[in-house]
Structure formats: structure tokens, C-alpha cells
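S.K.: sequence and predicted structure below; questions after.
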Amino acid sequence: MDNQLIIEILLFIRNFINTIFPIFTWGLIIYILSSWLPALRESSFGRILGKIYEPILEPVRNLIPPLGGMLDLSPIILLIGLRLFQSGLNSIFQAIITALV
């Protein structure tokens with residue numbers, strides 16, 4: 001396979017990831033803020049967000065339980081983890097692309 005084609009595929013994947021991560025992050029922020037608005041959390045939109053984000057938040061909650069039973073830090077930890085994961089993927093893609101050039 002031609003290196004230029006591989007580079008274009010890697011750039012496409014990296015751009016796709018860099019587009020999806022902010023959308024996913026904003027969805028998580030909306031889900032977090034919906035806990036303050038019970039009507040939003042109980043709506044069909046809130047239930048869809050719950051089906052997306054609760055399976056991801058649950059393992060983080062198992063690692064770091066809510067402080068005092070009320071303050072849930074799992075969304076903050078997940079946001080930081082997602083950002084670090086995205087940065088790591090960008091670095092890996094950049095290293096591969098640089099090696100192919």
C-alpha cells in the first residue's frame with residue numbers, strides 16, 4: 001500500500017476521532033447538568049443520554065464512590081480521562097504519520 005494512502009487514512013481517522021470526542025464530551029456535560037433538572041432527566045432525551053453515559057460512568061463510580069454519599073466526582077474523572085485518551089491517540093497518530101513521511 002502506498003504511504004500517501006496510509007497517511008490519508010490515518011488523517012481521516014484522527015479527524016473523525018477529533019470530531020466525535022467533543023460531541024461525546026458535550027453530551028456528557030448535558031447529562032451531568034440534567035441531574036439538576038429532573039424533568040429533563042426523565043424525558044426521552046434524558047433517558048437516551050442515560051443509556052449512553054451510565055454504562056461508562058458506572059465503572060468510574062465503582063473506583064471512586066461519591067464523597068459523603070452526595071458529591072459524585074465520576075463525571076469529572078471521566079472527562080479528564082477522555083481528554084487524556086484523545087491526546088494520547090493524537091500523539092500516536094502523529095508519530096505514525098511522521099514515521100511514514
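M.R.: Sure thing, it's come through.
S.K.: give the contact list for residue 95.
M.R.: With contacts defined as Cβ atoms under 8 Å, 6 or more residues apart in numbering, residue 95 is in contact with no residue. The C-beta positions use only the backbone N, C-alpha and C, and glycine is treated the same way.
S.K.: do you know how far it is from residue 57?
M.R.: Separation of residue 95 from residue 57 (Cβ to Cβ, to the nearest Å): 31 Å.
S.K.: can you tell me which helix in this structure is longest?
M.R.: Longest helix in the chain, counting residues (DSSP state H): helix 3-33.
S.K.: can you name the element that comes right after that one?
M.R.: Going down the chain from helix 3-33, the next helix or strand is helix 38-42, by DSSP states H and E.
S.K.: need the contact partners of that next one.
M.R.: Here helix 38-42 has contacts from 34, 35, 46, 50, using Cβ under 8 Å, 6+ apart.
S.K.: and the helix or strand following that helix, what does it pack against?
M.R.: Counting by DSSP H and E, the element after helix 38-42 in chain order, helix or strand, is helix 44-63. The contact analysis (3 or more Cβ pairs under 8 Å, 6 or more residues apart in numbering; DSSP states H and E) places helix 44-63 against helix 3-33, helix 74-100.
S.K.: one more pass at 10 Å, please.
M.R.: Using 3 or more Cβ pairs under 10 Å, 6 or more residues apart in numbering; DSSP states H and E, the elements in contact with helix 44-63 are helix 3-33, helix 38-42, helix 74-100.
S.K.: what angle sits between the longest one and helix 74-100?
M.R.: I take that to be helix 3-33. 170 degrees (axes from the mean of the first three to the mean of the last three Cα atoms, to 10 degrees).
S.K.: which parts of helix 3-33 are buried?
M.R.: Applying a neighbour-count criterion of 16 or more other Cβ atoms under 10 Å, one finds 10, 14, 21, 28, 31, 32 buried in helix 3-33.
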